[in-house]
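**Student:** This is a predicted model, with the sequence first.
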Amino acid sequence: MKARVVLFPTPGAGHLVSMLQLAKRILHHAPSLSITILLIHPPPAATATNSHVNAAAASGLDIDFIEIPRSEPAEGEGLVHLLRFIETHKPYVRETLASLPGVAAFVADMFCITVMDAAAELGIPSFVFYPSSAACLAATLYLPTLNQRYEGRALKEVKDNIQVPGMSPVPPTVIPGPLQDKDDPAHPWFLRTTGLYSRLDGVLVNTFHELEQKALTALADGLCTPGGRTPPVHPVGPLLGLDCAPKDGWECIEWLDRQPESSVVFLCFGSISAFSPEQVREVACGLELSGARFLWSLRVRSSHVGVDLKGVLPAGFAERTSGRGLVSPAWVPQIAILAHPAVGGFVSHFGWNSTLESVWFGVPMVAWPQFAEQAMNAFELVNGLGLGLRMVGEEVDAGTLIRGKELGRAVRALMEGEEGARAREKMKAMKESARRAVEEGRGSSYANLAAVVQQWIETVPH
């Protein structure tokens, strides 16, 4: 009987892609294992995952998928709605695990931690896969301590910088919204689930030692859970979907082929972030002011669906930037773009997957965080490691607006200035560290995952 590792990703393509890469790495270390991935039907607003599932199923690897029965989602939307929806599947997860032979380990995504008892009740070793940064994990585990320190005040009300083990003192606004804001609907969930980590057999984090040495050391030393237990934390990244990056037939790739080396700044803000028409016009103005070659993946906010891009962009923008700029209103192959020799800079929301991809290809960044843990990612990599540049926004009624003048300044500094040159050199060194981390037989992340997989093989019931 083959030993089996069962994975349980959060619904949506972003988390599934990282989990699939983890599955492939596990099988690389132990071809004798098989992988089963449990899928739940996401709420209607979640991203479709069919293409990734079909590709993995057709890969020839020993990966199979089981769709567990769907709970009826309660009314609502947003992160807290998704978290509650996932938790309702705990009985189905337990039932499925109990029916599978030879389960060596159960690995669930960070947002699925509330179902972990289903594995523990069956005596199955339970692990969380944390696809975000170790710094974010440290802040999450430290949340009860922060609540005590500030006597229940919301962190967003604290005026001084906040000290989290493994991080430089951070402004309260850098802490992810559900952690800093007691009124955030997801805050009680995060506060409740920090205690669940102490029951785990381990946490696999999509990072590597050289990138987050301080946070990983603080976690290993138990500094984020004073008086409690921190499970073993294993950095196993970077886990990237490099093998599924399309290259052929894309207008943007053909356009990049005609540009000089390291001359293009790429602007992309993930699959969820989208801008208002006003912000779109400011970006266009900034790109004009910068004088740089650019490739811009443009998404207009959903409330403005149907807006003609020509009506959103400044009059004559396309004509004035013809030859040095390309605007794509559709999805673009980000990995293939970052890998292209013509790309020399990346204006990014600092989502963790995008951040790791930029590090992997050695592309320095301009930080434009939008939500979730992105501000923390940007703070750590820009302020702490010097791998990119910051921008300063302007507070307006609709939120924070980045003016064109500020974007133009940042792009020029990144592509032509001394600050950008320093970031480029540091990013080049971090690129080499990232690749060494997963080097077969030698890398730190390679060895970490190999040790965990060996532990699974040795403890599986025969």
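**Tutor:** Looks like it arrived, so ask away. Source: prediction; values computed, not measured.
**Student:** who's in contact with the biggest helix by length in the chain?
**Tutor:** In the chain, with assignment by DSSP state H, the single longest helix is helix 418-437. With contacts defined as Cβ atoms under 8 Å, 6 or more residues apart in numbering, helix 418-437 is touched by 208-211, 235, 237-238, 344-345, 356, 358-365, 385-389, 413-414, 442-446. C-betas here are computed from N, CA, C, even on glycine.
**Student:** Sort out for me which of these are in strands.
**Tutor:** Among the contacts of helix 418-437, the members found in strands (DSSP state E) are Pro235, Gly344, Gly345, Met365, Gly388, Leu389.
**Student:** I'd like to know which of these is nearest to Gly351.
**Tutor:** When those are compared for distance to Gly351 (Cβ to Cβ), Met365 wins out at 11.5 Å.
**Student:** the domain parsing of this protein - what is it?
**Tutor:** Using the TED database, the domain parsing of the chain gives 4-242+439-459, 251-435.
**Student:** so where's the stretch 1-150 of the chain uncertain?
**Tutor:** The stretch 1-150 of the chain contains residues with pLDDT under 70 at 42-49, 51-52, 54, 57-58, 71-77.
**Student:** Going along the chain, name the strands of it.
**Tutor:** Assigned by DSSP state E, counting those that start in this stretch, the strands in the stretch 1-150 of the chain fall at 4-8, 34-39, 63-67, 103-109, 126-130.
**Student:** which parts of the longest helix of the chain are buried?
**Tutor:** Residues of helix 418-437 classed as buried by neighbour count (16 or more other Cβ atoms under 10 Å): Glu419, Gly420, Ala423, Arg424, Lys426, Met427, Met430, Lys431, Ala434, Arg436, Ala437.
**Student:** May I have it exported as PDB, CA atoms only?
**Tutor:** Output of helix 418-437 as PDB, limited to C-alpha atoms (Å, rounded to 0.1, in the frame of the first residue of the first chain):
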ATOM      1  CA  GLU A 418      21.700  55.400  -7.500                       C
ATOM      2  CA  GLU A 419      19.000  54.000  -5.200                       C
ATOM      3  CA  GLY A 420      17.700  51.800  -7.900                       C
ATOM      4  CA  ALA A 421      21.200  50.600  -8.700                       C
ATOM      5  CA  ARG A 422      21.800  49.600  -5.100                       C
ATOM      6  CA  ALA A 423      18.500  47.800  -5.000                       C
ATOM      7  CA  ARG A 424      19.400  46.000  -8.200                       C
ATOM      8  CA  GLU A 425      22.700  44.700  -6.700                       C
ATOM      9  CA  LYS A 426      21.000  43.600  -3.500                       C
ATOM     10  CA  MET A 427      18.300  41.800  -5.500                       C
ATOM     11  CA  LYS A 428      20.900  40.100  -7.700                       C
ATOM     12  CA  ALA A 429      22.500  38.700  -4.500                       C
ATOM     13  CA  MET A 430      19.100  37.600  -3.100                       C
ATOM     14  CA  LYS A 431      18.300  35.900  -6.500                       C
ATOM     15  CA  GLU A 432      21.400  33.700  -6.000                       C
ATOM     16  CA  SER A 433      20.400  32.900  -2.400                       C
ATOM     17  CA  ALA A 434      16.900  31.900  -3.600                       C
ATOM     18  CA  ARG A 435      18.200  29.500  -6.200                       C
ATOM     19  CA  ARG A 436      20.800  28.100  -3.700                       C
ATOM     20  CA  ALA A 437      18.000  27.500  -1.200                       C
END
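**Student:** For the remainder of this discussion, apply numbering that starts at 14.
**Tutor:** Yep, numbering from 14; the last one is helix 431-450 now.
**Student:** pLDDT of that helix, averaged?
**Tutor:** Summarised as a single mean, pLDDT over helix 431-450 is 98.
**Student:** now do stretch 205-217
**Tutor:** 96.
**Student:** Show me how far it is from its chain's centre.
**Tutor:** With Cα atoms, centre = their mean, to the nearest Å as the basis, stretch 205-217 stands 20 Å off its chain's centre.
**Student:** out of the buried residues of helix 431-450, which one sits closest to Met389?
**Tutor:** Of all the buried residues of helix 431-450, Met389 sits closest to Met443, with 17.6 Å by Cβ to Cβ.
**Student:** and whatever helix or strand Ser367 lives in with strand 139-143, angle?
**Tutor:** Per DSSP states H and E: Ser367 is located in helix 365-374. Between the axes of helix 365-374 and strand 139-143, defined by axes from the mean of the first three to the mean of the last three Cα atoms, to 10 degrees, the angle is 70 degrees.
**Student:** Show me what helix 365-374 is packed up against.
**Tutor:** helix 26-42, helix 347-352, strand 356-361, helix 431-450 (3 or more Cβ pairs under 8 Å, 6 or more residues apart in numbering; DSSP states H and E).
**Student:** Next, the buried residues of the helix or strand hosting Gln467.
**Tutor:** In this structure, Gln467 is located in helix 457-472 according to DSSP H and E. Along helix 457-472, these residues count as buried under the neighbour rule (16+ other Cβ under 10 Å): Ser457, Ser458, Tyr459, Asn461, Leu462, Ala463, Val465, Val466, Gln468, Trp469, Ile470.
**Student:** All set now, cheers.
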